[in-house]
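**Q** Give me a 3D structure for the following:
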Amino acid sequence: MNVEAVLAGAVAGGTSILYPTLGEVISERAGVINLGTEGSMLAGALTAYAVGIQTGNPWAGVVAGMVAGSLLSLVHAFMVLTRGANQIAVGLVVTFLGLGLTALFGQDFVGRGVVALREFPIPGLSSLPFVGRVLFSHDVLTYLSLVAAVVLWFMVFRTRTGMKLRAAGERPDVLHTFGMSPTVVRYAAVLCGGALAGLGGAQLSTAFTLNWSEGMTVGRGFVAVGLVIFAAWNPLKAIFGAYLFSGAIALQLQLQAEGSDISRYLLQALPYLAVIVVLAILSRRRANAAPEALSRVFEHST
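**A** Modelled structure (predicted):
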C-alpha cells in the first residue's frame with residue numbers, strides 16, 4: 001500500500017472537511033448547533049463551480065461560494081434566533097433546502113469543465129522526500145485552512161472577540177450586563193460558520209474532486225458537526241479530526257485501487273465507521289467541554 005498517497009490524500013481531502021468543522025466550532029461556541037452545514041457546503045460547492053466557469057476566475061467562485069454558504073446559514077439563524085424554532089429540526093430542513101436548490105440549479109453544470117484552483121507546490125519544501133508530497137504540494141486553500149485553524153484558536157481563546165463568543169454560548173446574561181446582545185453575537189457566529197462551510201464546499205468542487213454532481217458532499221457536513229465533539233470545540237484539534245476522516249477515505253480508495261478482497265460497500269462505509277468509533281470513545285470524555293447553551297438545545301428537543 002502506498003502510504004505516501006494515503007497521507008497526501010488525507011491532507012488534500014481533509015481541507016473540505018476542516019473548513020466546515022471550524023465554522024461549526026464558532027457557531028457552537030456561541031450556543032447554536034447548525035445541522036444545515038451540509039446544505040451550506042453544497043451551496044458553496046455549486047456556486048463556486050458555476051461562478052468559476054462563468055467568470056473564468058476560480059477565486060471569484062470561492063468568494064461566491066462563501067457568500068452562498070453564509071446566505072443559507074442566514075435561514076437557519078433567522079428561524080432559530082429570531083423565530084425561536086428548534087435548532088435540530090431547522091438544521092435538517094436547511095440541509096434538505098440546500099440539497100433541493102443545488103439539485104435544481106446544478107443540472108446544467110454536471111460534466112462541465114471546471115476552472116480549477118491549481119496546486120501550488122511550495123518551492124524547496126515540495127521536493128523533499130515523502131513530506132514534500134504529503135504536506136507541501138496542495139492548493140492554496142489547503143494551506144490557508146491550517147492558518148485559519150490557528151487564527152481561530154487565537155481569536156476564540158486569546159481575544160475580546162473570542163470572549164464575547166464564548167460568553168454567548170456559556171453565560172449570555174454576562175453580555176446583557178455589558179450592554180451587548182447575545183443574539184447579535186450568535187447571528188455573526190452562524191453566518192461565519194456558514195461562510196466557512198461554503199468555503200469547504202468550494203474547495204471540494206474546484207480543487208479536490210474538480211467536478212460538480214448532485215449531493216457531492218455525501219455527508220461531509222454532518223461529519224463536520226460530529227467532529228466538533230472530537231475536537232472538544234477547539235479549532236486546532238479540528239485539524240486532526242478532519243484528517244482522520246479524509247485519511248479513512250484515502251485509505252478506502254487506495255484499497256479499492258489495489259483490488260482488495262474486502263467488500264467495496266464495507267470500504268465505502270469505513271470513513272464513517274471510523275468517525276463513529278472515535279466519537280463513541282471520546283464523547284463522554286469531551287462532554288464537559290461543550291458550551292453550556294448546547295445542553296439546553298437537546299433539553300428543548302425532547
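**Q** mind listing the strands for this structure?
**A** Assigned by DSSP state E, the strands in the chain number zero.
**Q** what about it, any weak spots by pLDDT?
**A** Where the chain drops to pLDDT under 70, the residues are 1, 283-288, 298-302.
**Q** list the helices and strands the longest helix along it packs on?
**A** Using DSSP state H to define each element, the chain has its longest helix at helix 3-29. Helix 3-29 is packed against helix 37-55, helix 131-135, helix 140-158, helix 160-170, helix 182-203, helix 220-230, helix 235-257, with contacts defined by 3 or more C-beta pairs under 8 Å, 6 or more residues apart in numbering; DSSP states H and E. Heads up, the C-betas are built off the backbone N, CA and C, glycines and all.
**Q** Out of these, which is closest to Val297?
**A** helix 160-170 (10.6 Å; C-beta to C-beta).
**Q** rewinding a little: mind listing what's buried in the longest helix of the chain?
**A** 5-29 (16 or more other C-beta atoms under 10 Å).
**Q** can you give me the angle that helix makes with helix 235-257?
**A** 140 degrees (axes from the mean of the first three to the mean of the last three C-alpha atoms, to 10 degrees).
**Q** Out of the helices and strands packed on helix 3-29, which gets nearest to Ala116?
**A** That would be helix 37-55 among the helices and strands packed on helix 3-29, by C-beta to C-beta, at 8.0 Å.
**Q** Return that closest one as PDB; C-alpha atoms alone will do.
**A** What follows is helix 37-55, C-alpha atoms only, in PDB (Å, rounded to 0.1, in the frame of the first residue of the first chain):
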ATOM      1  CA  THR A  37     -23.800  22.700   7.400                       C
ATOM      2  CA  GLU A  38     -24.300  20.100   4.800                       C
ATOM      3  CA  GLY A  39     -26.600  22.400   2.800                       C
ATOM      4  CA  SER A  40     -24.200  25.300   3.100                       C
ATOM      5  CA  MET A  41     -21.400  23.100   1.800                       C
ATOM      6  CA  LEU A  42     -23.500  22.100  -1.200                       C
ATOM      7  CA  ALA A  43     -24.400  25.700  -1.900                       C
ATOM      8  CA  GLY A  44     -20.800  26.700  -1.700                       C
ATOM      9  CA  ALA A  45     -19.700  23.800  -4.000                       C
ATOM     10  CA  LEU A  46     -22.200  24.600  -6.700                       C
ATOM     11  CA  THR A  47     -21.800  28.400  -6.600                       C
ATOM     12  CA  ALA A  48     -18.000  28.300  -6.700                       C
ATOM     13  CA  TYR A  49     -18.100  25.800  -9.600                       C
ATOM     14  CA  ALA A  50     -20.700  27.800 -11.500                       C
ATOM     15  CA  VAL A  51     -19.200  31.300 -10.900                       C
ATOM     16  CA  GLY A  52     -15.700  30.000 -11.700                       C
ATOM     17  CA  ILE A  53     -17.000  28.700 -15.100                       C
ATOM     18  CA  GLN A  54     -18.900  31.900 -15.900                       C
ATOM     19  CA  THR A  55     -16.200  34.300 -14.900                       C
END
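**Q** Name the nearest residue to Ser27, ignoring sequence neighbours.
**A** Counting by C-beta to C-beta, 6 or more residues apart in numbering, Gly193 is the residue found nearest to Ser27 once chain neighbours are left out, at 3.8 Å.
**Q** same question, Val228
**A** Nearest non-adjacent residue to Val228 (C-beta to C-beta, 6+ apart): Glu24, at 5.0 Å.
**Q** Quick one: residues contacting the one you found.
**A** Ile33, Asn34, Thr37, Gly193, Ala197, Ala224, Val225, Val228 (C-beta atoms under 8 Å, 6 or more residues apart in numbering).
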